[in-house]
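Enquirer: Pasting the sequence and the predicted model now:
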Amino acid sequence: MSSTHETTAFVDEVRAAYATSGPAVQLGALVVDGSAHPDAPVQLPLSVLNRHGLVAGATGTGKTKTLQLVAEQLSTHGVPTFLTDVKGDLSGIALPGQSSDRVASRAADVGQQWAPAGCPTELLALGGIGTGVPVRATITSFGPALLARVLDLSEVQSSSLALVFHWADRAGLPLLDLADLRAVITHLVSPEGRADLEGLGGLSKQTAGVLLRELLAFADGGADAFFGEPELDVHDLLRTVPADGAGGADGEQRGVVSCLELPAVQGRPALFSTFLLWLLAELFEELPEVGDLDKPKLVFFFDEAHLLFTGASRDFVAQVAQTVRLVRSKGVGVVFVTQSPTDLPREVLAQLGSRVQHALRAFTPDDAKALRATASTYPKSDQYDTEALLTSVGTGEAVVTVLSEDGVPTPVAWTRLRAPQSLMAPAPPEEQQRIVAASPLQAEYGTPIDRDSAYERLTRKTTAPPRTAEAPERSRDDDAPSSGDSSDEPQRPSSSHTPSRRRAEPVDRSAVEQVLGSSAFRSFARSAASSLGREITRSIFGVRRR
């Protein structure tokens, strides 16, 4: 137990270390000898959130409520967030919370002026499996490295899959869904297709058989719904909306919370964890360099992060670390959420500037080893025995250290966390349905699109009649839609990539604008290189380079 003088000195030290001149997320109040000190708030500056962070702790210690607390305050500051809702209990962030004696007691203890408030929220669902706006990605965009990770392929099988993508990229064949990929694999081991791989190493029938079986099982597990179009445009995760009651005079905005509902796909953890990594790589590809900002453009919460690294190769881990390191210059902050910091590779852990560590349990020798390793990563504290503290903090409390506005690690602070102001329970099913139905994204992504791609083109190639003298002339228009089929309009790149032509034809401008603003066209434009027969180039994790 500390003396009164020591306690006062430490409270003053923490108050000064966690003070900010700019906006910050209010985490809670300092705790010394079991008593909270509301006059020493523990807060996280928005300006350092692109230096990334970690929220960790054993099951039931309050990690989910911490995510909710941070996300709703970021929304209030106009910062969009992306959350993964693995257990299905974060949808309540859209609704005002409910007062209770427990909430009132916690608010009084930490000096919080608690009032119920919900956040502008989008509910998303992988492929529409569950309640949410469907989220999809094309196979071409996803790339071979991430797909091999999801399918748990061997090194030889992964190399063969990369060869399949390489050939399809060079041939300009769009791989939009799993049927396209299966069609290409089947073609490359057929008598007609084997010659296409001459000089590239070839694809054995045995390996092709393994890939086809894995893809079939993958599709049967629900992945067929996820791969396809319209593909998610990551810019839709960066939205803000006018704040209620702002009056419009100062243009105050609230960040939209994009909540990916995952309970329906919990049985495929590799799929959703790898999808999150694809999103991160897409953000890196799509967003411009902005450097350090007063507040981030997006904060990305990577829940169940340990699933991403289980059994991962050194090359894969190195690419994750590289993505995390580089995406900060795009104004994106990444918060990894897991049970123990030791779940993350040291290359990734070393880049996380802020840490909110809930209680750890040490029931086994391995647990005790992990506890010592975790304690050793915190700044040295004269006030706390960090190793003992990590096992003794209560539910709704955490051991915190963040980067100050000057980039200096703050002292370790035992923190009693604030109570979220939104509903700390799942939103009722009827409310979830209402949120999805009212979403502007539902019109963009709600209806799947099945346009001309590798499957159709290879099918035409194998079933085409013998070429006649007129065939070369007709072949130039093989893929062009008929004038009476308006559903194929997104396949007409000539009107989408020639601004001067659009300006020269004002009579058609409104129709063109409708096409350009549609999800179908945006999805088409993102894979236009394939559609026009251009070779695709790839970036981090083999995702398509823009």
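Expert: Cool, the structure landed.

Enquirer: Tell me where the model's unsure across the chain.
Expert: 1-2, 245-250, 266, 464-546 (pLDDT under 70).

Enquirer: Kindly report the domain assignment for it.
Expert: Domain ranges of the chain: 4-120+256-427, 139-226, per automatic domain parsing.

Enquirer: Out of the ones you listed, the one nearest Gln433 is which?
Expert: Closest to Gln433 of the domains of the chain is domain 4-120+256-427 (C-beta to C-beta; 9.6 Å). C-beta here means a position set from N, CA and C on the backbone, and glycine is covered the same way.

Enquirer: How far off centre is that closest one?
Expert: Its chain's average C-alpha position is 16 Å from that of domain 4-120+256-427, according to C-alpha atoms, centre = their mean, to the nearest Å.

Enquirer: Now do that domain: distance from first to last residue.
Expert: One end of domain 4-120+256-427 to the other measures 46 Å (C-alpha to C-alpha, to the nearest Å).

Enquirer: likewise stretch 397-408?
Expert: 23 Å.

Enquirer: ok, back up a step: columns mean neighbour count on top of the domains of the chain, output as TSV?
Expert: As requested, these are exported to TSV (neighbours: other C-beta atoms under 10 Å):
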stretch	mean neighbour count
domain 4-120+256-427	19
domain 139-226	19
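
Enquirer: Looking at the ones you listed, which is nearest to Asp236?
Expert: Taking the domains of the chain one by one with C-beta to C-beta, domain 4-120+256-427 is closest: 7.9 Å.

Enquirer: where do the helices sit along the stretch 351-500 of the chain?
Expert: Using DSSP state H, counting those that start in this stretch, the helices of the stretch 351-500 of the chain run over 365-376, 386-392, 429-438, 440-445, 454-463, 471-475, 499-504.

Enquirer: what about those helices, which gets the closest to Ala29?
Expert: That would be, of these and by C-beta to C-beta, helix 386-392, which comes in at 15.9 Å.

Enquirer: ok, and what's touching that closest one?
Expert: 357, 359-362, 371-372, 374-375, 378, 399, 412, 414 (C-beta atoms under 8 Å, 6 or more residues apart in numbering).

Enquirer: go on, stretch 208-225?
Expert: With C-beta under 8 Å, 6+ apart, stretch 208-225 has contacts from 126-129, 134, 136, 150-151, 153, 157, 160-161, 164, 177-178, 181-182, 185-186, 188-189, 265, 267-268, 271.

Enquirer: Contact partners for the residue nearest to Thr131 when sequence neighbours are not counted?
Expert: The shortest distance from Thr131 to any non-neighbouring residue, by C-beta to C-beta, 6 or more residues apart in numbering, is to Gln432 (4.7 Å). For Gln432, the contact set (C-beta under 8 Å, 6+ apart) comprises 91, 123, 131-132, 426.

Enquirer: Now do the closest residue in space to Arg372 that isn't next to it in sequence against Leu417, distance only.
Expert: Once flanking residues are discounted, Arg372 sits nearest to Glu387: 6.4 Å by C-beta to C-beta, 6+ apart. Glu387 sits 21 Å away from Leu417, going by C-beta to C-beta, to the nearest Å.

Enquirer: same thing with Leu44?
Expert: 12 Å.
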